[in-house]
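Visitor: The sequence isn't on hand, but the structure is:
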């Protein structure tokens, strides 16, 4: 498994990449993503991780943290619906999992034990499990 990041550091610090301030007319999503990149990753909520992962932000650092949450509660919920973190994780580009040694098999183990999923989430699980 990939080693978890130092949870006291922000994505900006971990990636050594400071984004410029969002423009005055930036969407709420963009402004929120910028703000979350400055927060220590250990302070990110399920919703924060769902949002950032869904935007492909900080994946090398956030996917290990998300899988830690999903191991304990595969249906962890942000602000959208039960299982929204799992949905965000499952729908990342398959190439992400090839780069993240150990994380793909770990996610497979988590989802292979799930039953009685809502149809939409079940489809995402099946797409992830089908090479």
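Guide: Noted; the coordinates are in hand. Predicted, not measured: the structure shown is a model, and the values here were computed from it.

Visitor: By mean pLDDT, flag the weakest helix or strand of the protein.
Guide: helix 94-99 (a mean of 86; mean pLDDT, DSSP states H and E).

Visitor: what ranges do the helices span in this protein?
Guide: Assigned by DSSP state H, the helices in the chain fall at 11-15, 28-37, 46-54, 59-72, 84-90, 94-99, 103-112, 119-129.

Visitor: mean confidence for the first one?
Guide: Averaging pLDDT along helix 11-15 yields 94.

Visitor: next one: the fifth one
Guide: Taken as a whole, helix 84-90 has an average pLDDT of 97.

Visitor: With the second one instead?
Guide: For helix 28-37, mean pLDDT is 95.

Visitor: counting contacts, what elements does it pack onto?
Guide: Applying 3 or more C-beta pairs under 8 Å, 6 or more residues apart in numbering; DSSP states H and E, one finds that helix 28-37 contacts helix 11-15, helix 46-54. Just so you know, the C-beta spots here come from the backbone N, C-alpha and C atoms, and that holds for glycine as well.

Visitor: just how off-centre is the first one within its chain?
Guide: The reference is to helix 11-15. 15 Å (C-alpha atoms, centre = their mean, to the nearest Å).

Visitor: Show which residue of the protein lies farthest from the average position.
Guide: In the chain, residue 24 marks the outermost C-alpha relative to the chain mean, sitting 26.9 Å out by C-alpha atoms, centre = their mean.

Visitor: got a pLDDT number for that one?
Guide: For residue 24, pLDDT reads 92.
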